[in-house]
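Asker: Give me a 3D structure for the following:
(chains A and B)
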There are 2 protein chains.
Amino acid sequence: MAGTMGTGGGATRIAVLAGGVGAARFLRGLVAARPRAQITVIGNTADDLDVWGLHVSPDLDSVAYHLAGLADLERGWGLAGESWAALDAMARLGGPVWFQLGDRDLATHCWRTERLRRGLPLSTVTAELAGRLRLPVALVPMSDQRVTTRIVTRDGRDLHVQEYFVRERCEPAIARLHYAGIERARPAPGVIGAIEAADAVLLAPSNPLMSLGPILALVGVREAVRASGQVVAVTPIVAGAAIKGPAVAMLEAAGWEATAVGVAAGYQDCVNHFVLDDRDAALATRVAALGIQPWITDTLMVDGGAAQRLAEIACSAAGV
Amino acid sequence: MAGTMGTGGGATRIAVLAGGVGAARFLRGLVAARPRAQITVIGNTADDLDVWGLHVSPDLDSVAYHLAGLADLERGWGLAGESWAALDAMARLGGPVWFQLGDRDLATHCWRTERLRRGLPLSTVTAELAGRLRLPVALVPMSDQRVTTRIVTRDGRDLHVQEYFVRERCEPAIARLHYAGIERARPAPGVIGAIEAADAVLLAPSNPLMSLGPILALVGVREAVRASGQVVAVTPIVAGAAIKGPAVAMLEAAGWEATAVGVAAGYQDCVNHFVLDDRDAALATRVAALGIQPWITDTLMVDGGAAQRLAEIACSAAGV
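Answerer: Predicted coordinates:
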């Protein structure tokens, strides 16, 4: 815990717990809103998967591609100007094509996998990737060990979260979810330090169970966030619906209220501020009743300006 | 050694020792010339290499792509309609791009590498690939163990043959070449059997040192070819020049005469027939003096018809 507003000697330090596309958009806004801050992004890796023998890190790549200015903003995922020739060829070979890898994206996965097979930890490889893409932030995976969010369906299957999300299009009814490997995993080098050194910790508008849950479940992370004292979460739920993805079904399966209040309650022990959407203004008193300061704004990041305004509110809430 | 002309009970069986593009073109002609023959292609893997962490088998893929009707016949290598988005993206990451992998081609390498990492031998993976591409031949890699043709340059470097060939564009002066790993390698399952069962063994018009040399250097292969008794080689050298690639420089470095006669002499112990180009008709008496029956024809495979005519001559020479 830095304990100051960061206006003293060095630059303001901000740590962000981040999932995929929602976090990536928010981070673009944050970099625009606080261009001189030292930002460390702690990225979810519990939806990492092996595709075609390659290690794919969907959330790290969403963040990296957005911050490098390479993301396809219209499609909402992947790289701008992407092509799909390799996917077509893989289909011809009868290989798996349910998880779509674009041609340009493939270079990232080959590059990463080759280094991981040489024995380099994911944190080292990710730092090098961030450098090569000239990201304006430090990008740290939550762990160098494999943790996987898995969805147990009511019909008894135990699916990788990407199988549930992409291959099964969120259709199976969820019985529960769990983070396989979480007991053996440790936060990657730099994760705890970035949280402890931060003037503010921001929880990006990401799925609280699928994206931020695994990060917070790593030994020591939740305690470090709690101890940091200036913690702001941005709601991923607006008017009872996820901005993107299967958050509502997951929250319900986990027994959480599937509203912004439910998310705030899930973070109650470690968050001081919670940014609600205008449409949920009526929920502010219930957030306040949790001992969390509510902030109300338009949270829909329809463009870069909207993302910057949202990040501005989150920073203001944290006093940075 | 089958000992008959294969016109008895089953189909004629032909085994072909094959390098890359020259062999691939010849094989298309052979399939057209002998559509009912059972053809086994024994492919060179001594120019296999790792690119981006992927196992690339240039010669096996040249053969497979040509026989699947997918090859780019104009460029002379790779797949028709190929694109290069992944290569561009890899360049942006600062990764190695001297060995160009196309987007469609990448699917093959990912598919193969994933299976090899699961512990399947290359021969099994290659057979499955041949099946998925519906090749009209059996395709067998020369070995499941890694053998690598390496070029020792006069300035003392020890280069992978693809580094010499592609990255260095055949420019360094060659001191010698060697087949690293040849002592420990064994012919892949099916190699010796295909040669022993063949009514004819054909040596495709491939580089005798870089492509067919490693196959013949595997323990037992040269002896099996010699014992088969109906062996036809097609010259890769016309009028003292290689049709494609660095054969002449390699032959000279190895102390061979850099002509069709030099190639025939290199095969003297195991070949009965040698197909010379019209332009080298004057060399026929020298080939005959080696105890090898010369056949003279136009060996330049300028199109499919020319390749079929060349294959027809080779088959006729072998009596199949």
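
Asker: Residues in contact with stretch A:104-118: which ones?
Answerer: Outside stretch A:104-118, the residues that touch it by C-beta atoms under 8 Å, 6 or more residues apart in numbering or on different chains are A:51, A:53-57, A:61, A:78-79, A:81-83, A:86, A:101, A:122, A:124-125, A:128-129, B:52-54, B:85-90, B:92-93, B:95, B:103, B:106, B:110. No exception for glycine: its C-beta is placed from N, CA and C like everyone else's.

Asker: Kindly report the same for stretch A:182-198.
Answerer: Here stretch A:182-198 makes contact (C-beta under 8 Å, 6+ apart) with A:1-2, A:13-15, A:40, A:42, A:121-123, A:138, A:140-147, A:201, A:214, A:217-221, A:224-225, A:227-228, A:230.

Asker: please redo it, this time with the cut-off set to 7 Å
Answerer: Taking contacts as C-beta atoms under 7 Å, 6 or more residues apart in numbering or on different chains, the residues outside stretch A:182-198 that touch it are A:1-2, A:13-15, A:40, A:42, A:123, A:140-145, A:147, A:201, A:214, A:217-221, A:224-225, A:228.

Asker: Kindly report the same for stretch A:48-62.
Answerer: With C-beta under 7 Å, 6+ apart, stretch A:48-62 has contacts from A:19-21, A:24, A:43-45, A:47, A:77, A:90, A:95, A:99, A:101, A:108-110, A:112-113, A:116, A:126, A:139, A:141, A:160, A:162, A:211, B:110-111, B:113-114, B:117.

Asker: Quick check: can you name the pairing partners of the helix or strand of chain A with the lowest mean pLDDT and their directions?
Answerer: In chain A, no helix or strand scores lower on mean pLDDT, DSSP states H and E than strand A:241-242, which sits at a mean of 84. Here strand A:241-242 is paired, per DSSP bridges, with strand A:237-238 (antiparallel).

Asker: Now do the strands in chain A.
Answerer: A:13-18, A:38-43, A:49-51, A:54-56, A:138-141, A:148-153, A:158-160, A:174-180, A:200-203, A:231-234, A:237-238, A:241-242, A:273-277, A:293-297 (DSSP state E).

Asker: ok, the nearest residue to A:Ala281 once chain neighbours are set aside - contacts?
Answerer: With sequence-adjacent residues excluded and distances taken as C-beta to C-beta, 6 or more residues apart in numbering or on different chains, A:Ala281 is closest to A:Ile296, at 5.1 Å. The contact partners of A:Ile296, taken as C-beta under 7 Å, 6+ apart, are A:276, A:278, A:281, A:284.

Asker: Check the contacts of stretch A:48-62 for burial and list the buried ones.
Answerer: A:19-21, A:24, A:43-45, A:47, A:77, A:90, A:95, A:99, A:101, A:108-110, A:112-113, A:116, A:126, A:139, A:141, A:160, A:162, A:211, B:110-111, B:113-114 (16 or more other C-beta atoms under 10 Å in any protein chain shown).

Asker: Let's see which of these end up in helices.
Answerer: A:21, A:24, A:90, A:108-110, A:112-113, A:116, A:126, A:162, B:110-111, B:113-114 (DSSP state H).

Asker: Out of those residues, which comes closest to B:Ala242?
Answerer: B:Thr113 (30.7 Å; C-beta to C-beta).

Asker: and chain A, which residues reach chain B?
Answerer: A:52-54, A:83, A:85-86, A:89-90, A:93-95, A:103-104, A:106-107, A:110-111, A:113-114, A:117, A:132 (C-beta under 7 Å from any C-beta of the partner chain).

Asker: gap between stretch A:231-242 and the chain center?
Answerer: Stretch A:231-242 has its C-alpha centroid displaced from the chain centroid by 13 Å (C-alpha atoms, centre = their mean, to the nearest Å).

Asker: ah, wrong one, I meant stretch A:44-60
Answerer: In terms of C-alpha atoms, centre = their mean, the centre of stretch A:44-60 is set 13 Å apart from its chain centre.

Asker: repeat for stretch A:287-299
Answerer: Worked out by C-alpha atoms, centre = their mean, stretch A:287-299 lies 21 Å from the chain centre.

Asker: same question for it, mean pLDDT?
Answerer: The pLDDT scores in stretch A:287-299 average 97.

Asker: again with stretch A:94-112
Answerer: Averaged across stretch A:94-112, pLDDT comes to 97.

Asker: So, low pLDDT: which residues of chain A?
Answerer: In the predicted model of chain A, residues A:1-9 satisfy pLDDT under 70.

Asker: wait, what's in contact with A:Met250?
Answerer: A:174, A:177, A:207, A:209-210.
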